[in-house]
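**Q** Test case, fold it:
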Amino acid sequence: MIGRLPPRAARAQRGITLVELMVGVAIGLFLVAVMGAMFLGSKGDLRSQNQGARLQENARFAVDVLSADLRMAGYRGCRGSGGVTNTLNTPTAHLYHFAQGLWASRHTGSAWSPALPAALGSPALSPVPASAGDVLTVRRSVGPGIALIAEMGSGSAALSVTPGVTLAKGDWLMVSDCSGAAILQATNDTPGVLGTIEHSAAVTLTPGVSTGDLGRPFLQDALVHRLATVTYYLAPSARSGKTHLRALWSYTVPSYDGSTQPQELMAGVERMAVRLGVDASPAAGDGTVDAWVTPDEVTDWGRVVTAQVELLLASTDDQVTTVAQPYVFGGSTVTPTDRRLRRVVTVSASLRNALR
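**A** Model (predicted):
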């Protein structure tokens, strides 16, 4: 005969009731939901912080690059008002017009104004500029000046510098002093190694020089600078793998460091607008900004003394913010349809030698 368990033992072996099980499951699901919400919230915050940090980094990079180039636009040595003798072939062609330090163009909805020159079209620029951003060209000196170690015997004589400097055949150069400047191209082999810079019209180069005469001899107080033409524009991003995003591109000629041109600088730049401060007073040359205009409104690029570039940066990922964030660009408030993080950056600089 099997005896019955005592009441205390029976209670110890009894399972949980259905109500207790449902309460336990509900508490567990609640805790999982809370932990999941905390995880997703932390993940979203981390993503937003990462995108914000990237925007901040891109903003600093854009300010550093653009401000450095704008400040050196049209640099002519110790005096900007002196005359410039440009001996390059086609001296007013877009890439070689060093008497004009800055140029820009805006797409008006139907066409670029001023019209884009052939040097900024395909196949030179690939991809080609997008109409959402202005095109900005800066003609500037590159690197420190190299002093002449001997005066020129005549305007056609070779320039003498310390042997071993970084100069090569084909370099675009400017020799300048406090009275003026001359633009030339090194036409001899290894001018930096030899310390002798020849500029002969008999040598075939691109663009080459039309004359070997610089207009006058330069003395030992003159400096020699390399020259380059740098163009900034917006185009679809290639490096990020997201071709629906626009990026800031640059096109530098000549490319002294050997880098492939054009090159993508940073992705996530949706807009670029250029405003120009012009000295429009009748007494030309006082160097003060009398009016701010857009590129399509400039009638005399020699009167431009200040440039301002406004960039609209956007995160490369969508769904970063909880709601669409309005922004102000070009004086207008815009509410986007996506949830990207955005930041407006403005770079302003006075052109070198443009202000007296």
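**Q** List the neighbouring strands of the helix or strand hosting A104 plus their orientation.
**A** Element membership of A104 [criterion: DSSP states H and E] is strand 102-107. Paired with strand 102-107 in the same sheet, following DSSP bridges, are strand 112-113 (antiparallel), strand 135-150 (antiparallel).
**Q** and the next helix or strand after the longest one, how far from the chain's centre?
**A** When you say that, I think you mean strand 135-150. Where DSSP H and E defines the elements, the next helix or strand beyond strand 135-150 is strand 159-161. Centroid separation between strand 159-161 and its chain, computed with Cα atoms, centre = their mean, to the nearest Å, is 33 Å.
**Q** One more: stretch 132-151?
**A** Chain-centre distance of stretch 132-151: 16 Å, with Cα atoms, centre = their mean.
**Q** quick revisit: columns mean neighbour count and distance to N188 on top of the strands paired with strand 102-107, output as TSV?
**A** Glycine gets a C-beta too; all of them are placed from N, C-alpha and C. What follows is those, written out as TSV (neighbours: other Cβ atoms under 10 Å; distance: least, Cβ to Cβ, whole Å):
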stretch	mean neighbour count	distance to N188
strand 112-113	17	39
strand 135-150	19	16
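**Q** Can you add distance to Q220 and mean pLDDT and give these back as a markdown table?
**A** Listed next are the strands paired with strand 102-107 as a markdown table, based on distance: least, Cβ to Cβ, whole Å; pLDDT from 0 to 100:
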| stretch | distance to Q220 | mean pLDDT |
| --- | --- | --- |
| strand 112-113 | 45 | 97 |
| strand 135-150 | 5 | 95 |
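**Q** which ones are touching the nearest residue to T288 once chain neighbours are set aside?
**A** Distances taken as Cβ to Cβ, 6 or more residues apart in numbering place D279 nearest to T288, at 6.1 Å, with adjacent residues excluded. Residues counted as contacts of D279 (Cβ atoms under 8 Å, 6 or more residues apart in numbering) are 285-290, 303-305.
**Q** PyMOL command to pick out the buried ones of the residues you listed?
**A** Selection of buried members from the contacts of D279 for PyMOL, criterion 16 or more other Cβ atoms under 10 Å:
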select buried, resi 287+289+303+304+305
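**Q** among the contacts of D279, which one has the lowest pLDDT?
**A** Confidence by pLDDT is poorest for G285 among those, given 60.
**Q** hmm, back to that, and which of the contacts of D279 is nearest to G241?
**A** Of all those, G241 sits closest to V304, with 37.7 Å by Cβ to Cβ.
**Q** wait, the closest one sits on L102?
**A** Yes - V304 is within contact range of L102, at 5.7 Å (criterion: Cβ atoms under 8 Å).
**Q** Filter the contacts of D279 down to the ones in helices?
**A** Judged by DSSP state H, these include no members of helices.
**Q** Looking at the contacts of D279, spot the one nearest D213.
**A** G285 (27.9 Å).
**Q** what residues are shared contacts of V304 and L102?
**A** Common neighbours of V304 and L102 (Cβ under 8 Å, 6+ apart) are 276, 351.
**Q** any idea what sits nearest N86, other than its immediate chain neighbours?
**A** The shortest distance from N86 to any non-neighbouring residue, by Cβ to Cβ, 6+ apart, is to I183 (4.2 Å).
**Q** okay, A283: pLDDT?
**A** Model confidence at A283 (pLDDT) stands at 66.
**Q** what ranges do the strands span in the stretch 251-356 of the chain?
**A** 263-267, 269-278, 291-293, 304-314, 327-329, 332-334, 342-350 (DSSP state E, counting those that start in this stretch).
**Q** Tell me which of the ones you listed sits nearest to I149.
**A** Across the strands of the stretch 251-356 of the chain, closest to I149 is strand 342-350 (Cβ to Cβ), at 32.7 Å.
**Q** Mean confidence (pLDDT) on the closest one, please.
**A** For strand 342-350, the per-residue pLDDT averages 92.
**Q** Neighbouring strands of it in the sheet, and parallel or not?
**A** Going by DSSP bridges, the partners of strand 342-350 are strand 304-314 (antiparallel).
**Q** Doesn't L95 belong to a helix?
**A** Yes - counting by DSSP: H, G, I helix; E, B strand; the rest coil, L95 is located in a helix.
**Q** residues near it, how many?
**A** Using other Cβ atoms under 10 Å, L95 is surrounded by 22 other residues.
**Q** list the contacts for it?
**A** Counting by Cβ under 8 Å, 6+ apart, L95 has contacts 119, 207, 229, 253.
**Q** if we can go back for a sec, now could you export just the CA positions of the strand holding A104 as CSV?
**A** This file holds the C-alpha atoms of strand 102-107, laid out as CSV (Å, rounded to 0.1, in the frame of the first residue of the first chain):
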residue,chain,number,x,y,z
LEU,A,102,39.9,84.4,-59.3
TRP,A,103,36.9,83.3,-61.4
ALA,A,104,33.6,81.7,-60.7
SER,A,105,30.4,80.6,-62.5
ARG,A,106,26.8,79.9,-61.5
HIS,A,107,24.2,77.8,-63.1
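**Q** Would you mind getting the angle between it and strand 269-278?
**A** 130 degrees (axes from the mean of the first three to the mean of the last three Cα atoms, to 10 degrees).
**Q** Quick one: mean pLDDT for strand 102-107?
**A** 96.
**Q** for stretch 257-265, same thing?
**A** Computed over stretch 257-265, the average pLDDT equals 94.
**Q** Tell me which stretches of the stretch 101-250 of the chain form helices.
**A** 191-194 (DSSP state H, counting those that start in this stretch).
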